[in-house]
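Trainee: Generate a structure from the sequence data that follows.
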Amino acid sequence: MKKLKMIFLPLFILAIASFQSHASTPVPGDDEEKAVLEANQQFFKALNGIFDGQIEPMRSVWAHTDEVTYMGPGGGMQTGWKQVLSNWEYQASLNLGGEVHPEDIQVIMGDGMAVVQNIVKGQNTVNGEKQKVAIRATQVFRKRKEGWKVVSVHTDILDLNTEEGDPIFLFQN
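Mentor: Below you'll find the model as predicted:
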């Protein structure tokens, strides 16, 4: 019995030590997720800047590579930084005014990449009239030396004109 105690006692101590060291180890994803959420906020600040004709904030949040893609609510798909920037420059030239903000933000963290999905609501001015904005949006971020940068944005327009007032996706043929 004494030999049995001598064997189990070190195993028990090892198990407790292992549990304690594992339990006190910080989760690296928490800080990274906070950094991604901050990058997402910066993207929306830049987007609201676009509505006021400001392009520089949008330039700073994107990766300037051939891998980037943009599929905005206006349709189409821009691939590569040159095309994506050209689209943002055009949007900035419209001076739509207004503001949008993300709601229901969901984050999926990966190794050096993150996906952020949200509903975006707000208003812009189109042809002199204020228009409600409601879209589903997905932003993909890649970790770079200088921080988390946008590498892809994809949006779908939502219909706010339902009986219940809840947005539903409009299917178009």
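Trainee: For burial, what's the neighbour tally of Lys132?
Mentor: Neighbours of Lys132 under the rule other C-beta atoms under 10 Å: 12. Bear in mind the C-beta positions are built from the backbone N, C-alpha and C, glycine included.
Trainee: and it, what are its bridge partners?
Mentor: Here Lys132 sits in beta bridges with Gln123, going by DSSP bridges.
Trainee: you'd agree it is up against Gln123?
Mentor: Yes: in this structure, Lys132 is within contact of Gln123 by C-beta atoms under 8 Å, at 5.5 Å.
Trainee: Give me the buried stretch members for the lengthiest helix in the chain, please.
Mentor: With secondary structure taken from DSSP state H, the chain has its longest helix at helix 28-51. Buried residues in helix 28-51, defined by neighbour count with 16 or more other C-beta atoms under 10 Å: 32-33, 36-37, 39-40, 42-44, 46-51.
Trainee: same thing with stretch 57-68?
Mentor: Going by 16+ other C-beta under 10 Å, stretch 57-68 has these buried residues: Pro57, Met58, Val61, Trp62, Ala63, Val68.
Trainee: Wait, Ala39 touches Glu146, no?
Mentor: No: the criterion here is C-beta under 8 Å, and Ala39 misses it with Glu146 at 10.8 Å.
Trainee: Find residues that contact each of those two.
Mentor: Contact criterion C-beta atoms under 8 Å, 6 or more residues apart in numbering; residues shared by Ala39 and Glu146: none found.
Trainee: circling back: mind giving me JSON lines with the buried residues of stretch 57-68 and columns for distance to Phe141?
Mentor: Below are the buried residues of stretch 57-68 laid out as JSON lines (distance: C-beta to C-beta, whole Å):
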{"residue": "Pro57", "distance to Phe141": "16"}
{"residue": "Met58", "distance to Phe141": "14"}
{"residue": "Val61", "distance to Phe141": "9"}
{"residue": "Trp62", "distance to Phe141": "10"}
{"residue": "Ala63", "distance to Phe141": "9"}
{"residue": "Val68", "distance to Phe141": "11"}
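Trainee: what's the closest of those to Pro102?
Mentor: Val61 (13.8 Å; C-beta to C-beta).
Trainee: Please read off the pLDDT at that closest one from the model.
Mentor: Here the pLDDT value assigned to Val61 is 99.
Trainee: so what's the spatially most central residue of the chain bridging to?
Mentor: Residue closest to the average C-alpha location in the chain (C-alpha atoms, centre = their mean): Val116, at 3.3 Å. In this entry, Val116 is beta-bridged to Val107, Gln139, by DSSP bridges.
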